[in-house]
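Peer 1: build the 3D model from these lines:
(chains A and B)
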Protein chains: 2
Amino acid sequence: MTRVGSDKVIVQKYGGSSVADAERIKNVARRIAKKVQEGYKVVTVVSAMGKTTDNLISLAKSVSSRPDERELDMLLTTGEQVSCALVAMALKDMGINAISLNAFQVKILTTKSHNNARIMDISVKKLKEYLDNHDVLVVTGFQGVTEDEHLTTLGRGGSDTSAVALAAKLKCDCEIYSDVAGVYTCDPKLYPQTKKLQYVTYDDMLEMAATGAKVLHSRSVEIAKKYGVKIYCGSSFSDEEGTWVVDRIPEWLEEPLVTGVSLDRNQVKVSIMDLPNDANVVTDIFKKVAEKGINVDMISLLKNGSATHVSFTVVPERLDKIESLLNETLAEFGAKYHFYGQYAKITVVGTGMRSHYGVASKLLEVLAKHGVEPELITTSEIKISVLVPEDVAQELVKSICEAFDL
Amino acid sequence: MTRVGSDKVIVQKYGGSSVADAERIKNVARRIAKKVQEGYKVVTVVSAMGKTTDNLISLAKSVSSRPDERELDMLLTTGEQVSCALVAMALKDMGINAISLNAFQVKILTTKSHNNARIMDISVKKLKEYLDNHDVLVVTGFQGVTEDEHLTTLGRGGSDTSAVALAAKLKCDCEIYSDVAGVYTCDPKLYPQTKKLQYVTYDDMLEMAATGAKVLHSRSVEIAKKYGVKIYCGSSFSDEEGTWVVDRIPEWLEEPLVTGVSLDRNQVKVSIMDLPNDANVVTDIFKKVAEKGINVDMISLLKNGSATHVSFTVVPERLDKIESLLNETLAEFGAKYHFYGQYAKITVVGTGMRSHYGVASKLLEVLAKHGVEPELITTSEIKISVLVPEDVAQELVKSICEAFDL
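Peer 2: The predicted structure is shown next:
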């Protein structure tokens, strides 16, 4: 627990459903006020209310088929400013010395990559100045500002990243509140018998976050790991015990083989065929993809005698960009590409895999029982992902949970 | 017409109803694009969409009975940022090189008086930098930023002020578009036979704006007068000829005796009785009222042998503040105060009054015909205002229009 002056500091983040209406905002304010009464200075990060971001995106699409990215950030950043102002108002109404602050005011400096920016720095000086004069800072999540004062956003779920980055800067713990009371081995909507984890390692959480488990934004876990920020995930609607995301599971707990299963729907497989056998060509393609700020996943490369074939997955929203990029890039090689839609990615995660064999074969066995051959397989030391048809994905997740006793 | 580099510059402001939905935003974008095609660089000021500001205020009141003023500004400023981003998107979609900018980005520096701030400066350097690289700047109206980076708003209708201030800084004309095609002698809703003015002087417009004619925010007319900014008021929905607000009516037009009649509903009369006959006491009261940022109007003072009585009008929203202030201030003198609600102010304006007598008597004659004795009368060189019961006000306006041939 860090102290600024003589005070303990904590970062708390509340998700969109926790601030969806006036009653919930007052509830969040009461939770923050309680922490203040316990002697904390609280830095609260708040997401946009309920479906605000979705509504703003619809609004953008109603005036432009492809909304300009810089302007989209200008639009979306208003969502968090609204909820922050309201939470600060509710707190002041309770007599708490609170102030709302946007990315400009706290100088949350990011890269220039609109819609998908990365935090480069946050002004600790500004934060401490505000903390000297207030008990609660309500800071806009999800957004930042570039050196030349353009507004940026950190991508979907970026408020988690804002919260953990603030905790890293203030060297304190970070509590993430949402409508889910912690991290589960699997999404309860997919597998009702799922178990809640008391602890999960950064590494497992990272794999789970990156693969569709919507509890935490993966960038936030990366930052937490890098700076050793302890994250507590809990529910804003109850006092039920949540999950701690930490460097390592306490020794008195046995580490499970598999920590969790996650499902990422709505994946598109992109296949590029007949590229020349030249490492520079593939490197060049992925470099261009990265420059456009497009995240690709499940990259798989196959080389045969005369040609190289590459497949990877993307979210459908990025297809437009990928298409124009591939049209430009592939023409000179006479290579072809295809998009295959309606896939889902299932990922099995567990730091425990490092020291155990047979997770992959057990997973493929479950798939085989359902007559499913995965389209793509990717593995890391602590996870295995398979791309399968979306319509059987949910059934597969259930069987996997049963097989691994989750 | 000013030129920045080799370009003509113009400021255009679009009101909330002009950007109320996606179709109207695209319509506004087309109008701006046309101006760009005519060779102009356009600085567009946009209000919040439709009823956004009202909705945000309701939201604020749902979390706090008396929303903190600083936080209210944080909340309300999002409205203009949304519409600016959308207008810029629509323009970019048409291939126009546009960028949206908020008060931070253009450094619209204001006083610290939240909810009612005054513009102190705008960075011409920033504006010119952006104009060098863009054909259209879409700037958030109504808002500013203090020296220590808190967001402020300029009070209801403040977007007009933003627009004229920008035009003053850029030394160019200012076009104000709304759902009304110009300035009328009287609100058409009150008197359908009203006439549209081709020209109106700053002075007449100032009186009309200050007295409830909702075409222009009075601060904007003050700034226009001070810096000689020519304002054109027109409709964003048609190409119907609008009204020019200028220093003096062109000589070939005969100046009318009365330019317009306006109606300000929802007035409360505050009467303070039995103050000591001491100039310092009254001065002190009004000084404290001003320090609280409360606008009072129709001040009337009556002194008799032993005591001074003061009356003035305020809008009901300020009554809370007035009440606590009077409770504090009046106790020591044993003075009493009363609030009288449900009044309306009717104002007759005309620079032509300067050289003509009899306007006041003609006005009182009309009132007398309806059996109404005004509660308060205030006059200036070019206007007369009377406070009358709200329920007869509309009927009186009609009779006044007829009497003065408006």
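
Peer 1: okay, CA-based contacts and neighbour counts for the rest of this
Peer 2: Fine.

Peer 1: ok now do the residue nearest to residue A:350 when sequence neighbours are not counted, which residues does it touch?
Peer 2: Take residue A:350 and drop its neighbours on the chain: the residue closest to it by Cα to Cα, 6 or more residues apart in numbering or on different chains is residue A:258, 4.2 Å away. Contact analysis of residue A:258 by Cα atoms under 8 Å, 6 or more residues apart in numbering or on different chains lists A:348-353, A:404, A:406.

Peer 1: any chance you could map the strands in the stretch 251-400 of chain A?
Peer 2: Here the stretch 251-400 of chain A has its strands, by DSSP state E, counting those that start in this stretch, at A:260-275, A:297-303, A:308-314, A:336-349, A:376-380, A:383-389.

Peer 1: what's the closest of these to chain B?
Peer 2: Closest approach to chain B among the strands of the stretch 251-400 of chain A (Cα to the nearest Cα): strand A:308-314, 25.4 Å.

Peer 1: between the contacts of residue A:258, which is closest to residue B:224?
Peer 2: Of all these, residue A:349 has the smallest distance to residue B:224: 66.3 Å, by Cα to Cα.

Peer 1: quick one: residues contacting that closest one.
Peer 2: Here residue A:349 is in contact with A:204, A:207-208, A:258-261, A:382-384 (Cα under 8 Å, 6+ apart).

Peer 1: how about the residues of the stretch 1-150 of chain A by chain B?
Peer 2: A:22-23, A:25-26, A:59-60, A:62-68, A:71-72, A:74-75, A:78-79, A:81-82, A:85-86, A:88-90, A:92-93, A:99-100, A:104-105, A:149-150 (Cα under 8 Å from any Cα of the partner chain).

Peer 1: which of the residues you listed count as buried?
Peer 2: Neighbour-count burial within the residues of the stretch 1-150 of chain A next to chain B applies to A:22, A:25-26, A:59-60, A:62-64, A:67-68, A:71-72, A:74-75, A:78-79, A:81-82, A:85-86, A:88-90, A:92-93, A:99-100, A:104-105, A:149-150; the criterion is 16 or more other Cα atoms under 10 Å in any protein chain shown.

Peer 1: low-confidence bits of the stretch 151-300 of chain A, can you list those?
Peer 2: Residue ranges of the stretch 151-300 of chain A with pLDDT under 70: A:209-214, A:251-256.

Peer 1: how about the nearest residue to the residue of it found nearest chain B, chain neighbours excluded?
Peer 2: Residue nearest to chain B within the stretch 151-300 of chain A (Cα to the nearest Cα): residue A:151, separated by 9.5 Å. In space, and not counting its chain neighbours, residue A:151 is closest to residue A:145: 4.5 Å by Cα to Cα, 6+ apart.

Peer 1: how close does the one you found sit to residue A:224?
Peer 2: Relative to residue A:224, residue A:145 is positioned 21 Å away (Cα to Cα, to the nearest Å).

Peer 1: what is the rounded mean pLDDT of the longest helix seen in chain A?
Peer 2: For chain A, the helix reaching the highest residue count under DSSP state H is reported as helix A:69-93. Averaged over helix A:69-93, pLDDT sits at 97.

Peer 1: include pLDDT and distance to residue A:114 when you put the contacts of residue A:258 into TSV, please.
Peer 2: Converted to TSV, those look like this (pLDDT from 0 to 100; distance: Cα to Cα, whole Å):
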residue	pLDDT	distance to residue A:114
A:348	88	32
A:349	86	31
A:350	82	33
A:351	76	34
A:352	72	37
A:353	73	37
A:404	85	41
A:406	78	39
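
Peer 1: now the strands for the stretch 1-150 of chain A?
Peer 2: A:2-4, A:7-14, A:40-46, A:98-101, A:108-110, A:119-122, A:136-140, A:143-145.

Peer 1: OK, contacts around residue A:114?
Peer 2: Residue A:114 neighbours (Cα under 8 Å, 6+ apart): A:69-70, A:73, A:152-154.

Peer 1: of those, closest to residue B:395?
Peer 2: Nearest member of the contacts of residue A:114 to residue B:395, counting by Cα to Cα, is residue A:73, at 50.5 Å.

Peer 1: I'd assumed residue A:152 was in contact with that closest one.
Peer 2: Yes - the criterion here is Cα atoms under 8 Å, and residue A:73 meets it with residue A:152 at 5.3 Å.

Peer 1: with neighbour numbers in mind, choose between the two.
Peer 2: The neighbour count for residue A:73 versus residue A:152, taken as other Cα atoms under 10 Å in any protein chain shown, is higher for residue A:152 (33 against 23).

Peer 1: who's in contact with the residue of the stretch 301-406 of chain A found nearest chain B?
Peer 2: Among the residues of the stretch 301-406 of chain A, residue A:320 lies closest to chain B, at 15.9 Å counting by Cα to the nearest Cα. Shown in contact with residue A:320 (Cα under 8 Å, 6+ apart): no residues.

Peer 1: how near is it to residue A:312?
Peer 2: 15 Å.

Peer 1: before we move on, what about residue A:297?
Peer 2: 6 Å.

Peer 1: how many neighbours does residue A:121 have?
Peer 2: 15.

Peer 1: which residues does the closest residue to it other than its chain neighbours bridge with?
Peer 2: Once flanking residues are discounted, residue A:121 sits nearest to residue A:109: 5.1 Å by Cα to Cα, 6+ apart. Using DSSP bridges, the bridge partners assigned to residue A:109 are residue A:121, residue A:145.

Peer 1: repeat for residue A:377
Peer 2: Applying DSSP bridges, one finds that residue A:377 bridges with residue A:386.

Peer 1: now do the same contact list for the nearest residue to residue A:308 once chain neighbours are set aside.
Peer 2: Among residues not flanking residue A:308 along the chain, residue A:275 sits closest, at 4.9 Å (Cα to Cα, 6+ apart). Contact partners of residue A:275, counting by Cα under 8 Å, 6+ apart, are A:281-282, A:307-309, A:333-335.

Peer 1: change it to 6 Å
Peer 2: Residue A:275 makes contact with A:307-308, A:335, according to Cα atoms under 6 Å, 6 or more residues apart in numbering or on different chains.

Peer 1: drop anything exposed from those residues.
Peer 2: A:308, A:335.
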